[in-house]
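Sequence first, predicted model second:
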Amino acid sequence: MFSRWRERIRHALGFRLALWYAVIFVASSLTLVALTYTLLAGSLRQYDRETVEGTLVKFAGAFGRGGVDGLVREMRTTQIASSPGPFFVRTVGSRQDLIFLSMPDALRRFDLSQLAAPSLNGEQTWATVETGEGGGRLEVASVLLPDGTLFQVGMSTERRDELLRRFRRALLLVFASIVLIGLAGGLMLTWSALQPVRTLADTAQAIMRTGRTDTRVPVMDSRDALGALSAQVNAMLERIDAVVAGMRGALDNVAHDLRTPMARLRGTAETALASNDAAVWREALGESLEESDQVIAMLNTLLDVSEAETGTLALNREPVELADLAQRTLELYEDVAEQRGVHLDISGVPSLVVPLDRNRMRQVLANLVDNAIKHTPAGGRVAMAAAREVDHVVLTVTDTGAGIPADELPHIWTRLYRGDSSRSARGLGLGLSLVKAIVEAHGGEVSVSSSPGAGARFTLHLPTSPPDLSAM
């Protein structure tokens with residue numbers, strides 16, 4: 001059980017982010033501490049050398065002025081002034097004879113035989129003597145006086161080394177604090193940064209558990225990346241909610257509209273079974289074929305819309321005179337329009353030849369005219385007009401019917417959508433979605449303008465040349 005819990009922690013995103021933050025924080029802090037230690041050690045070394053150099057100059061000047069007695073007096077003055085020390089002082093004559101040597105007890109452990117005679121040309125040189133006991137080093141500065149006398153002053157690094165040892169011990173405590181602060185800071189920042197992600201995951205789980213797509217993710221700050229992600233997820237959920245609502249309504253419409261022909265089909269079959277008359281059977285078979293054709297037409301329309309929306313609808317393009325196609329479409333509805341008392345009219349420029357799929361475009365015009373006649377009262381008018389523009393033609397279908405409410409205009413192109421005024425009529429609400437799909441498959445556009453009581457105007461923009469599919 002403990003191993004499973006450990007694996008879960010190790011693979012948790014929050015733990016990995018916190019660990020990475022802690023590693024980066026600790027590494028950066030250690031780099032800064034190491035730099036500080038290096039600078040401190042260098043500064044202390046430079047300070048000690050400057051002290052030795054200053055003492056060398058002072059002692060050498062005293063020796064030059066008063067000999068050994070002057071040097072001793074200066075050394076006593078230096079010790080009384082509590083100057084850093086104790087100092088190693090040695091003076092060697094030009095014939096390598098020892099003139100003066102001051103070796104405090106604290107420095108007697110150093111082996112002076114390691115101090116080889118330096119080759120000096122009037123410049124100051126440095127030499128280091130090791131004790132071999134881990135007790136520091138003796139750093140000695142040497143200078144050759146004008147009379148050939150070698151003057152040497154040195155100081156032990158033990159005090160400096162002890163200061164650096166204490167500093168290193170303090171750094172251990174600082175390092176432990178840095179690690180703890182890094183881990184705690186990483187956990188806190190990770191927890192805060194991943195809060196939108198946890199909220200998003202909780203919302204997704206709630207949707208999967210309840211099936212309610214109206215749940216939304218709280219957006220804390222839309223200006224950062226995670227806030228923008230939450231806003232995008234909410235927009236996606238709104239689209240999904242709209243699609244689900246549309247599917248539910250569509251299923252209701254499909255069930256309603258398919259139930260009627262299926263019920264009539266069943267009733268016809270039952271009537272035929274209850275009769276022994278061949279004429280009744282033939283009539284029943286004819287009615288069954290008619291009802292089945294209606295169901296097949298509905299299903300084919302659904303397939304056509306799906307193919308057009310996915311770009312797989314096969315179009316048999318050919319040069320089509322648009323005015324002639326519009327005239328023939330209106331002629332198909334002359335009897336229906338006459339029965340309803342609706343006047344049909346067409347106007348436009350002749351010889352508007354456009355590369356179209358004749359049968360598909362006939363479906364488009366038939367749907368628009370059929371809808372216009374259905375929603376136009378007696379005495380009204382349905383008109384079609386065509387005109388040429390720069391690189392396309394414009395075809396309009398206008399009626400003087402009841403119009404479309406403003407709140408329904410954005411939805412009329414949605415597949416299986418039916419407005420309030422159309423719910424009592426037969427059909428699946430596929431006509432306008434099929435119109436839009438076919439027009440866009442031709443590379444065109446379709447739009448509508450309407451207001452209640454003032455009729456509707458559908459406008460088709462069709463290109464005069466087929467779209468270049470190779471560039472898409």
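Everything's here; your move. Residues are numbered from 1 along each chain as shown.

show me what contacts Leu315?
Asp357, Arg360, Ala441, His442 (C-beta atoms under 8 Å, 6 or more residues apart in numbering). No exception for glycine: its C-beta is placed from N, CA and C like everyone else's.

any idea whether it is helix, strand or coil?
What DSSP: H, G, I helix; E, B strand; the rest coil gives for Leu315 is coil.

What of Ala386?
At Ala386, secondary structure determined by three-state DSSP is strand.

Quick check: bridge partners of it?
Each beta-bridge partner of Ala386 is listed here, defined by DSSP bridges: Gly348, Leu395.

just checking, it touches Val393?
Yes: counting by C-beta atoms under 8 Å, Val393 is a contact partner of Ala386 at 6.2 Å.

so what's in contact with these two at the same time?
With C-beta under 8 Å, 6+ apart as the test, Ala386 and Val393 both reach Leu322, Leu352.

Name the residues of stretch 146-155 that are buried.
Neighbour-count burial for stretch 146-155 flags Thr149, Leu150, Phe151, Gln152, Val153, Gly154, Met155 (criterion: 16 or more other C-beta atoms under 10 Å).

what does stretch 203-217 give?
Buried positions in stretch 203-217, judged by neighbour count with 16+ other C-beta under 10 Å: Thr203, Ile207, Thr213, Arg216, Val217.

Endpoints of that stretch, how far apart?
Stretch 203-217 has an end-to-end distance of 6 Å (criterion: C-alpha to C-alpha, to the nearest Å).

for that stretch, what is the average pLDDT?
For stretch 203-217, mean pLDDT is 77.

Point out where the stretch 101-250 of the chain drops to low pLDDT.
Residue ranges of the stretch 101-250 of the chain with pLDDT under 70: 114, 116-123, 132-135, 220-226, 243, 246-250.

repeat that with 50
Low-confidence segments of the stretch 101-250 of the chain (pLDDT under 50): none present.

what do you get for the stretch 301-450 of the chain?
The stretch 301-450 of the chain contains residues with pLDDT under 50 at 423-428.

the strands in it, which residues?
Along the stretch 301-450 of the chain, the stretches classed as strands by DSSP state E, counting those that start in this stretch are 317-321, 343-348, 353-357, 381-388, 392-399, 445-450.

Which elements pack onto the last one?
Which is strand 445-450. helix 431-441, strand 456-463 (3 or more C-beta pairs under 8 Å, 6 or more residues apart in numbering; DSSP states H and E).

ok, Val382 to Asp370 distance?
As judged by C-beta to C-beta, to the nearest Å, Val382 and Asp370 stand 10 Å apart.

Settle it for me: which of those two has more neighbours?
Applying other C-beta atoms under 10 Å to Val382 and Asp370 shows that Val382 carries more neighbours, namely 27 against 17.

partners of the more buried one in the sheet?
Using DSSP bridges, the bridge partners assigned to Val382 are Leu344, Asp399.

For it, give me its contacts.
Contact analysis of Val382 by C-beta under 8 Å, 6+ apart lists 337, 342-345, 369, 372-373, 376, 397-400.

how about a cut-off of 7 Å?
Ala337, Val342, Leu344, Val369, Ala372, Ile373, Thr376, Asp399 (C-beta atoms under 7 Å, 6 or more residues apart in numbering).

now do Val92
Listed by C-beta under 7 Å, 6+ apart, the contact set of Val92 reads Leu98, Ile99, Thr149, Leu150.

okay, it: pLDDT?
So Val92 comes in at 87 (pLDDT).

okay, now the domains of this structure?
In terms of domains, the chain is parsed into 2-180, 225-309, 314-471 (source: automatic domain parsing).

So which of those domains is the most surrounded?
Most buried of these, by mean neighbour count (mean count of other C-beta atoms under 10 Å): domain 314-471, with a mean of 17.

now it, how far from the centre of its chain.
Centroid separation between domain 314-471 and its chain, computed with C-alpha atoms, centre = their mean, to the nearest Å, is 42 Å.

Figure out the length between the terminal residues of stretch 188-201.
Length of stretch 188-201, first residue to last, C-alpha to C-alpha: 19 Å.

buried sites along it?
Thr190, Leu194, Pro196, Thr199, Leu200.

Which of the residues you listed fall within strands?
Counting by DSSP state E, no part of the buried residues of stretch 188-201 is found in strands.

Sort out for me which of those are in helices.
Thr190, Pro196, Thr199, Leu200 (DSSP state H).

what's Gly70 in contact with, if anything?
Listed by C-beta under 7 Å, 6+ apart, the contact partners of Gly70 are Ala62, Phe63.

secondary structure element for it?
In the assignment (DSSP states H and E), Gly70 maps to helix 13-80.

pLDDT averaged over that helix - what is it?
Mean predicted confidence for helix 13-80 is 84.

mind checking how far it is from the chain centre?
Averaged C-alpha coordinates place helix 13-80 at 51 Å from its chain's average position (C-alpha atoms, centre = their mean).

again, but for stretch 168-179
39 Å.

which residues are contacting that stretch?
The contact list for stretch 168-179 (C-beta under 7 Å, 6+ apart) reads Val26, Ser29, Val33, Tyr37.

check contacts around the third one.
With contact taken as C-beta under 7 Å, 6+ apart, Val33 is in contact with Leu171, Val174.

any idea how far it is from Leu39?
Distance, Val33 to Leu39, using C-beta to C-beta: 11 Å.

Need the residues touching each of these two.
By C-beta under 7 Å, 6+ apart, no residue touches both Val33 and Leu39.

wait, isn't Val393 in contact with Leu322?
Yes: under the contact definition of C-beta atoms under 7 Å, Val393 touches Leu322, with a separation of 6.1 Å.

shared neighbours of these two, anything?
Common contacts of Val393 and Leu322 (C-beta under 7 Å, 6+ apart): Leu352, Val354, Ala386.
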